[in-house]
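[1] Sequence first, then the predicted structure:
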Amino acid sequence: MANNGAATQVASEKKLYRIGELSRLADLKPFVLRYWETEFPMLEPVKSPSGHRLYRQEDVDMVFRIKRLLYDEGFTIAGARRHLREHVVADEPESRGPSRSPEGAGQLLSRKMLLDLRDTLRAFLTLLERR
């Protein structure tokens, strides 16, 4: 039972990330994260009673999505914001209605999954390197 309690404690400790932790995890400067908060309404960390930003896992995932769109796919800030607004509301391809080509939709889904997997693996690598 002690292992279960320890696992629960570790899980609860990492539900929230401070800006410095996320900065290192995403390899971004803290001022970039603060700027993105002003440009992307869907990135909204909670504030601690002392006023520190605390990023939930959804925020961490969003930071990696934004980073991928801006740095890897060449979106502008406005274009990335529009893309996220369209895709966050309808995150699943089926909820957006019928696609023009089932093959095209599969390729887009596969590309998105691979990019998400790459971002997740980079985050894990960063965590492992810190140990």
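    Good, I have the coordinates.

[2] From here on, just use CA atoms for contacts and neighbour counts.
    Noted.

[3] Do me a favour and average the pLDDT over the helix or strand encompassing residue 36.
    Assigned by DSSP states H and E, residue 36 falls within helix 30-39. Mean per-residue pLDDT for helix 30-39: 95.

[4] Going C-terminal from that helix, what's the next secondary structure element?
    Past helix 30-39, the next helix or strand by DSSP H and E is strand 46-47.

[5] partners of that following strand, with directions?
    According to DSSP bridges, strand 46-47 forms sheet pairs with strand 53-55 (antiparallel).

[6] The helix or strand following the strand it pairs with packs against which elements?
    Heading C-terminal from strand 53-55, the first helix or strand you meet, by DSSP H and E, is helix 57-67. Applying 3 or more Cα pairs under 8 Å, 6 or more residues apart in numbering; DSSP states H and E, we find helix 57-67 packed against helix 19-26.

[7] Return the angle between stretch directions for the helix it packs on and helix 30-39.
    100 degrees (axes from the mean of the first three to the mean of the last three Cα atoms, to 10 degrees).

[8] Report the angle between helix 19-26 and helix 57-67.
    Using the same axes, to 10 degrees: helix 19-26 against helix 57-67 is 50 degrees.

[9] ok, and for the helix holding residue 36, which residues are buried?
    Neighbour-count burial for helix 30-39 flags 33, 36 (criterion: 16 or more other Cα atoms under 10 Å).

[10] quick thing: my sequence starts at 38, can you match it?
    Understood, numbering begins at 38; the last thing we discussed is helix 67-76.

[11] My guess is residue 56 contacts residue 85. True?
    No. Using Cα atoms under 8 Å, residue 56 makes no contact with residue 85, being 11.8 Å away.

[12] Which one's more surrounded, these two?
    Between residue 56 and residue 85, counted using other Cα atoms under 10 Å, the more crowded position is residue 56 (19 against 10).

[13] Residue 73 versus the more buried one, what's the distance?
    Counting by Cα to Cα, to the nearest Å, the gap from residue 56 to residue 73 is 12 Å.

[14] Repeat that for residue 108.
    13 Å.
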